[in-house]
Structure formats: C-alpha cells, structure tokens
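Peer 1: predicted model and sequence below, questions to follow.
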Amino acid sequence: MSDRYTSVKTLKELVQRFCEERDWDQFNNAKDLAISITTEAAELLELFRFKTEKDIDAMLKDPVKREQIGEELADIFYSTLRFAQRFGFDLSDELRSKLRKNAKKYPIEKAKGSNKKYNEV
C-alpha cells in the first residue's frame, strides 16, 4: 500500500477499524486527539532539536534515524486521520479550502521566494 494508490478514505477506514477493534472510541474525543496531534508533533520536533543542517542531512540518510522520523510522522498522521474520521472532516476538502485561502494571503507575485508572513508580504 503506497501513497500513489491509497486514498485518504481507505486510511481513515484502517484507523477506524484499528480503534474499534480495541474499543478506543471512548478515549478518542476531540480534546484528546488534538492533544495527541500536538504531542506527536513535539516528538518529531525533538528529533531535530539542536541539529545543524549537516546533522539533519545525515539523519535523513541514516536508516535508523529515518525510521524514527517516519514513525513520528505516522503518529501525527494517525492522530489527524482519527480526528477527521471521528468528527466528520473531509481532509481533502479541508486542504483544498485552506490552499485557496492561503493563495489569497500569499499571492505568487508577492510571496514567491519569501518566507515572510502574509501580513508582511
């Protein structure tokens, strides 16, 4: 199963089935899933803490470190999918909507090549 052939719907169903088999709906409320997303993102960030660009390049080439990074990404994605599945968010629609809003905030002619926030471009 790869990104190329897997739909978001399929992934949400996998997460749902995994959780329902374990009777985890009772623990997967909006607050706790939001906390989970943030906690897992912090764990990903911790892997990069105090690292130089050279260190990071080496980490991304090291199979053990790359696996750790992938596991944290998967944890974030899992929590995001679970939140969306439990509370009826269509992630594809949400992403498209957010990109449309960001396109207005960051017009190409002003934002291209810049990392300034929308109120500074």
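Peer 2: Alright, I've got the coordinates.
Peer 1: quick one: contacts for residue 104?
Peer 2: With contact set as C-beta atoms under 8 Å, 6 or more residues apart in numbering, residue 104 has no partners. No exception for glycine: its C-beta is placed from N, CA and C like everyone else's.
Peer 1: tell me the pLDDT of it.
Peer 2: Residue 104 is assigned 94 on the pLDDT scale.
Peer 1: what about it, distance to residue 114?
Peer 2: 16 Å (C-beta to C-beta, to the nearest Å).
Peer 1: go on, residue 80?
Peer 2: 28 Å.
Peer 1: so how many other residues sit close to residue 1?
Peer 2: 8 (other C-beta atoms under 10 Å).
Peer 1: contacting residues for it?
Peer 2: residue 10.
Peer 1: residue 80 and residue 114: which is more packed in?
Peer 2: When residue 80 and residue 114 are compared for neighbours, residue 80 comes out ahead with 21 against 10, by other C-beta under 10 Å.
Peer 1: so the more buried one makes contact with residue 91?
Peer 2: Yes. Contact criterion C-beta atoms under 8 Å: residue 80 and residue 91 qualify, at 7.5 Å.
Peer 1: from the contact counts, what lies against the longest helix belonging to the chain?
Peer 2: In the chain, assigned by DSSP state H, the helix with the most residues is helix 63-87. Packing partners of helix 63-87 (3 or more C-beta pairs under 8 Å, 6 or more residues apart in numbering; DSSP states H and E): helix 8-21, helix 30-48, helix 53-61, helix 91-105.
Peer 1: looking at those, which is nearest to residue 2?
Peer 2: Closest to residue 2 of these, according to C-beta to C-beta: helix 8-21, at 11.6 Å.
Peer 1: report the buried residues of that closest one.
Peer 2: Using 16 or more other C-beta atoms under 10 Å as the test for burial, helix 8-21 gives 11-12, 15-16, 19.
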